[in-house]
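*Asks:* what's the 3D shape of this:
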Amino acid sequence: MNESGVIIEIIDEKTAKVQMQQHSACANCGKCQKVSSESKDIVVEVDNSYGAKVGDRVEISMSNVNVIKATAIVYTIPLITLLVGTIGTSYLLKVMGIADNSELISAFVGLLLTAIAYLCIKKNDRRFRDSRNYIPVVTRILLDL
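*Replies:* Numbers count the residues shown, from 1 in each chain. I've put the predicted structure just below:
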């Protein structure tokens, strides 16, 4: 996945912020900052080991494998916890012979496990960010002709 954007801020020697057009694959995951509510521009934190400076137009890339992994972490794990919590609780309640409010209890357990999954993801967000596997990388500086 290759995109281009402009370096707007250098955070440290390895990290920068890039302003770029929001891609349709991004949707509204919330990981990037929107420049304004009307604009399609977003600000993305990138690995700037390449050494680009503020104002440089750069190409950024993120491995498709890492995009799929990040998507699985953020969307699939909570979905699985919701389904397992809801269906598993419903099955257990039926086996135990508890039929009163079993749907309500199952829904509550499913939502509770989903919330726990999101909290675990949020808690580990810093570790994912520090691993630098899930952020885009500056691959080259583009020259405007």
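*Asks:* Can you pull out the low-pLDDT segments for this structure?
*Replies:* Applying pLDDT under 70 to the chain flags residues 23-39, 64, 129, 144-145.
*Asks:* Report back the residue of it that's furthest from centre.
*Replies:* Gly97 (40.8 Å; Cα atoms, centre = their mean).
*Asks:* Next, the contact list for Asp47, please.
*Replies:* Counting by Cβ atoms under 8 Å, 6 or more residues apart in numbering, Asp47 touches Lys14, Thr15, Arg132, Ile135, Pro136, Val137, Val138. C-beta: built from backbone N, CA, C; applies to glycine.
*Asks:* Neighbours of the fourth one, how many?
*Replies:* Counted with other Cβ atoms under 10 Å, the neighbours of Ile135 add up to 19.
*Asks:* so it touches Ser49, yeah?
*Replies:* No. Look at Ile135 against Ser49 with Cβ atoms under 8 Å: they stay out of range, at 11.2 Å.
*Asks:* for the helix ranked longest in the chain, which positions count as buried?
*Replies:* What stands out as the longest helix in the chain, according to DSSP state H, is helix 102-123. By neighbour count on 16 or more other Cβ atoms under 10 Å, the buried set for helix 102-123 is Ser102, Ile105, Ser106, Ala107, Val109, Gly110, Leu113, Thr114, Ala117.
*Asks:* separation between the first one and Ile80?
*Replies:* Ser102 sits 21 Å away from Ile80, going by Cβ to Cβ, to the nearest Å.
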